[in-house]
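*Asks:* Have a look at this prediction, sequence included:
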Amino acid sequence: MKADPKTVLTGVHFLDGDHACCEGAIAAGANFAAGYPITPSTEIVERYASRAPKVGGIFLQMEDELASSIAILGAVWGGAKAFTVTSGPGFSLMMEHIGMAAMTETPCVFVDVQRGGPSTGLPTLPGQADVMQARWGSHGDYEIIALCPNSPQECFDLMIDAFNLAEQYRVPVMFLMDECVGHMTEKVVIPAAEAIEIYPRRYTTLPPAEYLPYRPGADGIPEMVKAGDGYRFHITSLTHDEKGYPAMNWQEQEKLVRRLVEKIRLQGERLERNEEHWLDDAEIVIVAYGISSRVALRALQMAREQGLKVGLLRPLVLWPFPEKTVRELARRVKAFVVVEMNYGQIVYEVERCAAGKTRTVLVGHGGGTVHDPHDILQAICEVAQ
Amino acid sequence: MSTSLPGAQPTNPVFPFLRTDRMPHIWCPECGIGTTVNCFARALVESKLPLDKVAVVSGIGCTGRVAGYVKLDSFHTTHGRAIPFATGLKLANPDLTVVVYSGDGDLIAIGGNHFIHAARRNADLKVICVNNFIYGMTGGQVAPTTPVGALATTSPYGCYEHPFNLPYLAESSGAVYVARWTAFHVRHITRSMVKAFNKKGFAFIEIISPCPTLYLRRNRLGGGLEAMRFYKQKSVIKNGANTKDLELSFQGEIIVGEFVNTERPTLSQVMEAQLQQALGARYVRP
């Protein structure tokens, strides 16, 4: 299925990441958004509020993030493609419905434009410390997919992927921007609608008498219906059986939770998407994502000028973590230098995948500003010795 | 009795509205929630709504289980959030009649903010609140509806907070239809539900209902039958009463009736009119 040409702003634009993210959502077919103002994400919903009524969409500013994050779930079960947008403190409030979306397998997108935390932290300055929260911030066991752009162009491109992955795997997809990427203005090329591939919702073709809301297909993912089509179905955020009815026993819990986890975890490298620089001969590999990857690239250039064999691995899909690539690199490189705007989150994943085969070093800080490339270079030099 | 005939099945006019494969339900004997569901099924019959276009959304709690027992498109959501879920559902699929069916703790305590904002917007939702003065499912804790002096597990010496007057809260927040009944008033409940279904906008019905296990017993008020007798004796029907005057006290008089029945453009109507006016031909209706 292709994007709707009536909604896609095909052309060359000069946009910040927030606005580009909004256009990506619209191009992906999002026709419902609910949000609550919070810096530095607000521009996304401001643009959506302006654009939605011109493309057949609906925007509603809700009373809080709890309401926003469940209004989108209601909209999806009503037949819409929906997303919500927030930043750290609001992201914390949305955890309740990230869990519900995971449990009820409701396809939707949560955008978190990260700022410095914890708590209300640094409203207008960047952070990358919501990475672990994006994965497991809601209680209980589940898996999600998280994408991480590092430019306005990618905010557009990856937002389409975010919706497509949400539909394909019936999961909430986390879209992890940061304040810098959100507020940075660059050239954004929006392609023609026919060049944008859209993954359609997995609606069932079965008649109501044969349909079970949570009977998994061959790939472990059940087919959907929407309200009003005569299926008289039931959806609950409680542990449920294939009928969708509450099932309060360990057997159904095991069956359901295992499927929710495995439908993502067993995808393995299929979900990996990495950008690689100078990895062929690299002895030291920088692992960085989001805005930090752009600073890290500068550090890489400086290191190469000094003759150091340094490469860069940038995961565009942070969750599930690109385990295969990192494991393979670990077999042949001397060290990983993980650059992130926090005091260690993705570094633990890198260290886990390195499995003692190579050294892993963190270059982290508390957020509020991007790294100084010299700090990264210094860490590289220390590791190289 | 037809049930005594060979091969005959016991039938009840509400069976077609229930997920009979989920019976028995979890509600205690003498609980009032089932009574309200019976009224709800009868109201669906009377209203002649196309059932494929009726959706029920519940939150968490004893009444929150209603969504799981009605044979309609039904959603059992997180605690307190039935209303914003329903708001999204209705906006995305305006052909639906969306009923929010939940308890006092769910709708008014944890969901209180959503309740007042949905009423303010005049979201086109039919909100049925079964008020049993207590948190039933978690074992009888004090609620924002518990009358002063009533015992609960977390108010062991008597509740010392003022309860909400729900019809007043609903009206002052913007509801276009407001009624209160007790579980004794089954025909009135059904009639009010039919009216609410046919009403455009935020319609609210409070149904005072016995919780024999956790409220009546702890407060030594007898069982469900005594509660019914009490409702019969202490209820006064005052249609059109000022909602300010509807405070409830411990075992005091219960004013019931239909208090508000007015017209106000709904959220969708105001949204479309405003966007049409501002954007003209550029407006693309959802």
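*Replies:* Perfect, I can see it now.

*Asks:* Below-threshold pLDDT in chain B: ranges please.
*Replies:* Along chain B, segments meeting pLDDT under 70 span B:1-10.

*Asks:* For it, which segments count as helices?
*Replies:* All helices of chain B, identified by DSSP state H, fall at B:33-47, B:66-69, B:82-92, B:104, B:112-121, B:166-173, B:186-197, B:224-234, B:267-279.

*Asks:* Select, out of those, the one closest to chain A.
*Replies:* helix B:82-92 (3.0 Å; C-beta to the nearest C-beta). Heads up, the C-betas are built off the backbone N, CA and C, glycines and all.

*Asks:* Show me how far the closest one is from its chain's centre.
*Replies:* 16 Å (C-alpha atoms, centre = their mean, to the nearest Å).

*Asks:* now the helices of chain B as a markdown table including distance to B:Pro144 and mean neighbour count?
*Replies:* Below are these laid out as a markdown table (distance: least, C-beta to C-beta, whole Å; neighbours: other C-beta atoms under 10 Å in any protein chain shown):
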| stretch | distance to B:Pro144 | mean neighbour count |
| --- | --- | --- |
| helix B:33-47 | 19 | 21 |
| helix B:66-69 | 20 | 25 |
| helix B:82-92 | 16 | 30 |
| helix B:104 | 7 | 29 |
| helix B:112-121 | 7 | 22 |
| helix B:166-173 | 9 | 22 |
| helix B:186-197 | 22 | 21 |
| helix B:224-234 | 21 | 16 |
| helix B:267-279 | 25 | 14 |
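
*Asks:* can you redo those as CSV with distance to chain A?
*Replies:* Output for those, formatted as CSV (distance: least, C-beta to the nearest C-beta, whole Å):
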stretch, distance to chain A
helix B:33-47, 13
helix B:66-69, 6
helix B:82-92, 3
helix B:104, 19
helix B:112-121, 4
helix B:166-173, 12
helix B:186-197, 16
helix B:224-234, 25
helix B:267-279, 5
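
*Asks:* Quick check: the gap between the nearest residue in space to A:Arg259 that is not next to it in sequence and chain B.
*Replies:* With sequence-adjacent residues excluded and distances taken as C-beta to C-beta, 6 or more residues apart in numbering or on different chains, A:Arg259 is closest to A:Gly220, at 5.6 Å. Distance of A:Gly220 to chain B, given as C-beta to the nearest C-beta, to the nearest Å: 23 Å.

*Asks:* A:Gly220 and A:Glu262 touch, don't they?
*Replies:* Yes - counting by C-beta atoms under 8 Å, A:Gly220 does reach A:Glu262; the two are 6.4 Å apart.

*Asks:* and the residue lying closest to B:Ile83 once chain neighbours are set aside, what does it touch?
*Replies:* Nearest residue to B:Ile83, sequence neighbours excluded (C-beta to C-beta, 6+ apart): B:His114, at 4.2 Å. Listed by C-beta atoms under 8 Å, 6 or more residues apart in numbering or on different chains, the contact partners of B:His114 are A:Glu63, A:Leu66, A:Ala67, B:Gly80, B:Arg81, B:Ile83, B:Pro84.

*Asks:* For the residue nearest to A:Arg259, give me its contacts.
*Replies:* A:Arg259, A:Glu262, A:Lys263, A:Leu266.

*Asks:* List buried members of the residues you listed by neighbour count.
*Replies:* A:Lys263 (16 or more other C-beta atoms under 10 Å in any protein chain shown).

*Asks:* from the contacts of A:Gly220, which two are the most distant?
*Replies:* Largest separation among the contacts of A:Gly220 by C-beta to C-beta: A:Arg259 and A:Leu266, giving 10.1 Å.

*Asks:* okay, A:Gly268: pLDDT?
*Replies:* Reported pLDDT at A:Gly268 in the predicted model: 85.

*Asks:* Around it, how many other residues sit close by?
*Replies:* A:Gly268 has 10 neighbouring residues, counting by other C-beta atoms under 10 Å in any protein chain shown.
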